[in-house]
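> structure for this input, please:
(one chain, ligands or ions: 1)
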Amino acid sequence: MEMGYLGPEGSYSHGAALAYGSEVTGIPMQSFSEIFEAVEAGKIKMGILPIENSTEGAVTMVMDGLIHTKRIQIIGELVFEIRHHLLSIGKNTEELQVVLSHPQALEQCREFFRKNYPNIRLLACESSSQACIAAKNKGPSYGAIGNKLAGERYGLNILSDQVQDNLMNQTRFIVIGREDTKATGRDKTSIAFSFHDDHPGSLYEVLREFAKDNINLTRIESRPAKAELGKYVFYIDFHGHKNDPKIQGILKSIEKITRWVKILGSYPLGDEEGMQQKTRVGVV
Ligand SMILES: O=C(O)C(=O)Cc1ccccc1
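Numbers count the residues shown, from 1 in each chain. Next up, the predicted model:
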């Protein structure tokens with residue numbers, strides 16, 4: 001099965017795609033939008049996207065992308081420990097002037113560089129693997145933040161194998177597709193919604209529906225509705241499958257008190273609460 005990921009080969013997303021299952025063929029793509037569009041149009045069956053990081057929080061482009069698609073659903077999730085390496089064609093850090101990577105990776109390492117290499121400029125690239133290719137072409141004054149495999153693939157030296165600010169640096173990836181995922185008994189559902197108007201207790205009214213039925217929430221986020229300041233889209237992840245009658249009852253009640261609700265998908269739990277074997281340490 002083809003799965004689109006943020007390429008080129010050797011990105012963190014590539015590592016995540018390969019770990020999803022042996023039947024997956026990774027298709028490198030240039031941007032998160034291209035992945036969304038290809039899955040929406042049915043050109044590829046699945047895509048994998050980072051959605052949340054333990055240091056940096058939400059990957060906002062991916063959060064926003066989920067709202068504007070019609071056919072896409074979240075069909076799975078995976079959590080990875082991400083270990084950032086400093087890679088270069090050169091052999092020592094003294095030569096480095098610029099370090100390239102994906103903005104998410106740069107943010108996860110910013111404090112490390114500020115403390116240890118304040119004169120190195122951090123510069124954004126489309127992905128960490130793109131950064132490796134660029135650093136290789138530019139020469140020993142350029143470095144890249146990427147994973148070990150990318151270093152090997154592009155013939156770069158590992159100048160440091162731990163440049164992230166927090167030792168525990170986890171990223172949750174979602175798998176998107178167009179078909180429903182059947183309930184497994186250990187499932188999670190993601191929804192997004194917004195309100196008609198701003199009144200006291202509106203969010204509480206939604207949360208109360210989950211509390212009443214003893215449903216555990218695992219995440220809540222808000223994003224600007226991209227209209228005026230103060231208008232938001234809320235995102236909630238919770239335990240349970242959308243086909244479960246109890247969850248359907250909650251969703252019906254929420255529909256009545258919101259302007260719109262979008263079910264982003266129900267999928268097997270893939271984090272520490274769920275399938276441990278799906279959590280890889282130090283691979284991507
Ligand atoms: O740039 C990459 O390699 C990606 O796959 C995006 C990314 C960056 C940082 C953490 C997780 C995913």
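> other SSEs contacting the helix or strand hosting residue 149?
Taking DSSP states H and E as the definition, residue 149 sits inside helix 148-153. For helix 148-153, the packing partners by 3 or more CB pairs under 8 Å, 6 or more residues apart in numbering; DSSP states H and E come out as strand 85-88, helix 128-138, strand 157-160. Yep, even glycine has a C-beta here, placed from its N, CA and C like the rest.
> give the next helix or strand downstream of the last one.
Right, the one you point to is strand 157-160. The helix or strand immediately downstream of strand 157-160 is strand 170-177, counting by DSSP H and E.
> so what touches that following strand?
If you take CB atoms under 8 Å, 6 or more residues apart in numbering as the criterion, strand 170-177 is touched by 3, 12-13, 16, 20, 35-36, 39, 45-54, 62, 72-82, 104, 265, 267, 270-271, 284.
> list phi and psi for residue 243.
When quoted as degrees, to the nearest 10, the phi and psi of residue 243 stand at phi -90, psi -10.
> pretty sure it is touching residue 181, no?
No. Checked against CB atoms under 8 Å, the pair residue 243 and residue 181 is beyond contact range at 9.9 Å.
> who touches both of the two?
With CB under 8 Å, 6+ apart as the test, residue 243 and residue 181 both reach residue 266.
> so between these two, which is more surrounded?
Taking other CB atoms under 10 Å, residue 243 and residue 181 do not tie; residue 181 has more neighbours (19 against 14).
> surely the more buried one meets residue 188?
No. Contact criterion CB under 8 Å: residue 181 and residue 188 do not qualify, at 10.3 Å.
> mutual contacts of the two, please.
In contact with both residue 181 and residue 188: 266, 267, 268, using CB under 8 Å, 6+ apart.
> what is the burial count for the first one?
By that I understand residue 266. By the criterion of other CB under 10 Å, residue 266 has 24 neighbours.
> and if you look at the last one?
One way to gauge burial is a neighbour count; for residue 268, by other CB under 10 Å, it gives 19.
> and if you look at the second one?
Other residues lying near residue 267 total 27 when counted by other CB under 10 Å.
> tally of neighbours for residue 91?
For residue 91, using other CB under 10 Å, the count is 10.
> so it, which of the three states?
Here residue 91 takes the coil state, with states given by DSSP: H, G, I helix; E, B strand; the rest coil.
> pipe the helices and strands packed on helix 148-153 into a markdown table and attach mean pLDDT and distance to residue 113 per row.
What follows is the helices and strands packed on helix 148-153, written out as a markdown table (pLDDT from 0 to 100; distance: least, CB to CB, whole Å):
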| stretch | mean pLDDT | distance to residue 113 |
| --- | --- | --- |
| strand 85-88 | 98 | 9 |
| helix 128-138 | 98 | 14 |
| strand 157-160 | 97 | 11 |
